[in-house]
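**Q** Attaching a predicted model along with its sequence, questions to come.
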Amino acid sequence: MSKSIDGIIPVMITPFTEDGAIDYAGLERLIEWYLAHDVDALFAVCQSSEMQFLSLEERKKLSRFVVRQVAGRVPVISSGHISDDIEEQVAELTIAAETGADAVVLVTNHLDPAKQGTAAFRRTTGTLLDRLPRDMPLGLYECPAPFRRLLSDDELKFCIDTGRFVVLKDVSCDLPTVERRVTLASRSPMAIVNANAAIARDAMRAGSRGFSGVFTNFHPDLYKWMRLSGDRHEDLASRLNTFLVLAALSEAFGYPVLAKLYHQRLGTFGSIKSRVIDFDVREKFWALDAILDQVVAGTEVFRAEIARLGAVAAAA
């Protein structure tokens with residue numbers, strides 16, 4: 001029986017040293033930070049991890065390190081699926097499976113890299129299903145890079161009917177689509193997990209089984225509270241939702257470096273080095289630190305309000 005993959009699932013960033021190597025000491029601290037902030041699973045070797053800029057050996061070592069450090073405390077899913085060539089896809093996904101991840105995630109744009117449509121998608125997916133370990137749970141991710149390739153309802157149903165898929169990271173950014181997909185997957189093991197902050201609360205209310213957006217690198221605990229307790233505290237949840245939506249807009253200002261700036265402030269790791277961002281984010285995005293100041297301040301305000309609610313409930 002595979003583990004349930006749902007809830008608040010951070011898309012993990014990868015810390016690098018100033019000379020560009022993976023900072024494993026910093027990664028260890030980052031993993032512990034996620035766990036301390038009550039996440040339900042971790043998504044390693046994804047776009048936020050800069051997987052398109054990691055060698056196959058680095059993707060293997062990164063996934064294996066996360067699995068070992070987590071040590072079963074939450075499920076770990078892993079991708080590293082960046083190739084278009086089918087033999088390379090088989091190799092990189094097989095390696096991901098061998099790292100001990102609880103599910104291996106297939107990226108939808110590589111299942112139809114030439115944009116040929118459903119027949120090509122089914123052909124590639126079928127080949128991978130035939131050649132990957134049959135006992136390995138699988139996931140799907142509508143990764144925006146190199147292009148966003150959304151699943152049709154028929155393609156999603158095809159994947160559901162295989163019985164092999166346990167999670168879809170939904171990047172439709174469209175509430176009616178999420179609702180439709182939730183209905184399609186309702187009698188299957190597949191969890192539909194939305195990745196868009198603007199619809200996060202409504203999607204979870206509609207049956208999306210969690211959230212896996214980039215701002216899980218800043219305040220996963222706030223999303224967790226909104227998911228589990230928000231409907232019992234409507235005023236606070238409504239204000240929190242507005243903050244989370246607006247805070248997430250700053251993703252456009254140099255993410256994932258923005259998240260690395262945040263964790264540099266926390267002392268999680270020392271460098272904001274990135275392989276995907278090769279420019280000075282402070283030079284390009286004026287007042288970036290002031291924006292981050294507001295995100296940090298708002299996060300702490302809402303954490304304090306939630307803590308006060310907890311204290312009152314405990315005293316009652």
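**A** Ah, there it is.

**Q** For the stretch 201-316 of the chain, just list every one of the helices.
**A** 220-229, 234-248, 257-266, 281-284, 288-315 (DSSP state H, counting those that start in this stretch).

**Q** who touches Arg134 in this structure?
**A** Arg164 (C-beta atoms under 8 Å, 6 or more residues apart in numbering). For every residue, glycine as well, the C-beta is placed using N, CA and C.

**Q** Quick check: it is in a strand.
**A** No: Arg134 is assigned coil when assessed by DSSP: H, G, I helix; E, B strand; the rest coil, not a strand.

**Q** What's the per-residue pLDDT of it here?
**A** Arg134 is assigned 93 on the pLDDT scale.

**Q** still on that earlier bit, out of the helices of the stretch 201-316 of the chain, deepest packed?
**A** helix 220-229 (a mean of 22; mean count of other C-beta atoms under 10 Å).

**Q** Run through the stretch 151-300 of the chain and note the low-pLDDT ranges.
**A** Applying pLDDT under 70 to the stretch 151-300 of the chain flags no residue at all.

**Q** got the helices of the stretch 201-316 of the chain as CSV, with distance to Tyr141 columns?
**A** Shown next, in CSV, are those (distance: least, C-beta to C-beta, whole Å):
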stretch, distance to Tyr141
helix 220-229, 18
helix 234-248, 18
helix 257-266, 18
helix 281-284, 25
helix 288-315, 25
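
**Q** closest one to Glu87 among these?
**A** Nearest to Glu87 among the helices of the stretch 201-316 of the chain is helix 257-266 (33.9 Å), distances taken as C-beta to C-beta.

**Q** got the angle for that closest one vs helix 288-315?
**A** Interaxial angle, helix 257-266 versus helix 288-315 (axes from the mean of the first three to the mean of the last three C-alpha atoms, to 10 degrees): 60 degrees.

**Q** who's in contact with helix 257-266?
**A** Counting by C-beta under 8 Å, 6+ apart, residues outside helix 257-266 touching it are 13, 15, 30, 33, 48, 214, 217-218, 250-251, 269-274, 277, 281, 288-289, 292, 295-296.

**Q** Any of those buried? List them.
**A** Buried residues within those, counting neighbours by 16 or more other C-beta atoms under 10 Å: 13, 15, 30, 33, 48, 214, 217-218, 250-251, 269, 272-274, 277, 281, 288, 292, 295-296.

**Q** so which of the helices of the stretch 201-316 of the chain gets nearest Arg201?
**A** helix 234-248 (4.7 Å).

**Q** Can you tell me which helices and strands the closest one packs against?
**A** helix 200-205, helix 220-229, helix 288-315 (3 or more C-beta pairs under 8 Å, 6 or more residues apart in numbering; DSSP states H and E).

**Q** Would you map the strands across the stretch 1-150 of the chain?
**A** Along the stretch 1-150 of the chain, counting by DSSP state E, counting those that start in this stretch, strands occupy 7-8, 42-44, 76-78, 103-107, 138-141.

**Q** Paired strands for the fourth one, with orientation please.
**A** Strand pairing for strand 103-107, determined by DSSP bridges: strand 76-78 (parallel), strand 138-141 (parallel).

**Q** contacting residues around stretch 147-167?
**A** 2, 4-6, 77, 103, 105, 108-109, 111-112, 115, 118, 121-122, 125, 129, 134, 137-140, 142, 168, 171-172, 177, 180-181, 184-185, 188-191, 193.

**Q** thinking Met78 is in contact with Ala41, fair?
**A** Quick fix: residue 78 reads Ser, not Met. No: with contact defined as C-beta atoms under 8 Å, Ser78 does not count as touching Ala41 (10.9 Å).

**Q** Just want to know which of these two has more residues nearby.
**A** Ser78 (32 against 26; other C-beta atoms under 10 Å).

**Q** got a list of what the more buried one touches?
**A** Ser78 neighbours (C-beta under 8 Å, 6+ apart): Phe43, Ala44, Val45, Ser63, Val66, Val67, Ala96, Thr99, Ala101, Ala103, Val104, Val105.

**Q** Touching, the fifth one and Ala44? I think so.
**A** Yes: applying C-beta under 8 Å, one finds Val66 in contact with Ala44, separated by 4.2 Å.

**Q** what residues are shared contacts of these two?
**A** Met12, Val76, Ser78.

**Q** Can you add pLDDT and give those back as JSON lines?
**A** As requested, those are arranged in JSON lines below (pLDDT from 0 to 100):
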{"residue": "Met12", "pLDDT": "98"}
{"residue": "Val76", "pLDDT": "98"}
{"residue": "Ser78", "pLDDT": "98"}
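
**Q** In JSON lines, list the residues you listed along with distance to Ser229.
**A** JSON lines is the format used below for the shared contacts of Val66 and Ala44 (distance: C-beta to C-beta, whole Å):
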{"residue": "Met12", "distance to Ser229": "25"}
{"residue": "Val76", "distance to Ser229": "26"}
{"residue": "Ser78", "distance to Ser229": "30"}
